[in-house]
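here is a sequence with its predicted model. Questions after.
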Amino acid sequence: MGLGLFLGMISRGVVADDRGKTFLLIMDAPTQPASTWSWELLKRSQRMDAVVENLRASFALPQSLTIHFSDGEGPSYDPKRTEITLPYSFVANVARHLSNAPPLEGNTALQADTLDVVEWVLYHELAHAFIHLYDLPVLGREEDAADALATFLVIELVENGGHIALTAADLLAHIAPYQHDDAFWSEHTLDQQRFSQVVCWVYGSDTTQFAPLAKSGTIPRHRAQRCPDAFMLMAEGWWRLLDRFIKSA
Ligand SMILES: [Zn+2]
């Protein structure tokens, strides 16, 4: 279901003509044996196909945007090629970080979690693409904006999207101890803070469904009280920036 259908919004037609311009998904055959597991998981699950289908139904584009899985670099967005690149090695690394107990074969819970993280990261890169293609203003750090938009999009576009964002946040918390000393200078906010920010938005989006996050103390009580407002402020900001580009139902 696209966003337009969800909210009954009418596109104001800022993208004057989007005919023939769309989201494209390319999955190269892997060139390295180590990439086969990732490639097969992505193909078999059809999760990325569902993401692209959803995006096509929801957003008008001024230019086609390619989402490209390969043995190349990334995850990143290349504005010159209007292309998001996601390497199979990244997918495998996510699985490795999520699991201390190989093998990966037959571990369906791990595979589902891996796909959750990859989907959220795809939305994070999509945020960079939207900022470029829609010429959106960025107040503050673009990486923080991308985390916000990724979380906003999974929550609004995907059934059980809050859970997807939480899986990604868990991974950020997991890799936090491995950050280098120069992390303070990184374009990304420290992973532990990215974790707490995403968790707060997810909790704030639905305090009933995600009540255990507050009850368990994952979110401290003083912060939990402010999360609904934090999510509302963030979501309203994105709605205002994006609604011109949302396709009418
Ligand atoms: Zn980024």
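Right, received. Where do you want to start?

and the protein, which residues reach the ion?
Residues of the chain found near the ion, taking Cβ under 5 Å from the ion as the criterion, are 143, 146. For the C-beta atoms, the positions are set from N, CA and C on the backbone; glycine is no exception.

and the strands in the chain?
Secondary structure of the chain, counting by DSSP state E: strands at 23-27, 65-70, 76-78, 83-87.

show me the one of those strands that comes nearest residue 156.
Evaluated over those, closeness to residue 156 peaks at strand 23-27, with 16.5 Å, by Cβ to Cβ.

how close does the residue nearest to residue 218 when sequence neighbours are not counted sit to the ion?
The shortest distance from residue 218 to any non-neighbouring residue, by Cβ to Cβ, 6 or more residues apart in numbering, is to residue 199 (6.5 Å). In this view, residue 199 and the ion are 19 Å apart by Cβ to the ion, to the nearest Å.

what sits against residue 199?
166, 169, 213, 218, 219 (Cβ atoms under 8 Å, 6 or more residues apart in numbering).

just put those residues in TSV and tack on neighbour count, distance to residue 118 and pLDDT.
Formatted as TSV, these follow (neighbours: other Cβ atoms under 10 Å; distance: Cβ to Cβ, whole Å; pLDDT from 0 to 100):
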residue	neighbour count	distance to residue 118	pLDDT
166	22	15	94
169	25	14	90
213	20	23	94
218	18	23	91
219	21	25	93
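
can you add mean neighbour count and mean pLDDT and give the strands of the chain back as CSV?
Listed next are those as CSV, based on neighbours: other Cβ atoms under 10 Å; pLDDT from 0 to 100:
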stretch, mean neighbour count, mean pLDDT
strand 23-27, 16, 98
strand 65-70, 21, 98
strand 76-78, 18, 95
strand 83-87, 22, 96
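
between those strands, which one is closest to residue 59.
With Cβ to Cβ, the closest approach to residue 59 among the strands of the chain belongs to strand 23-27: 7.8 Å.
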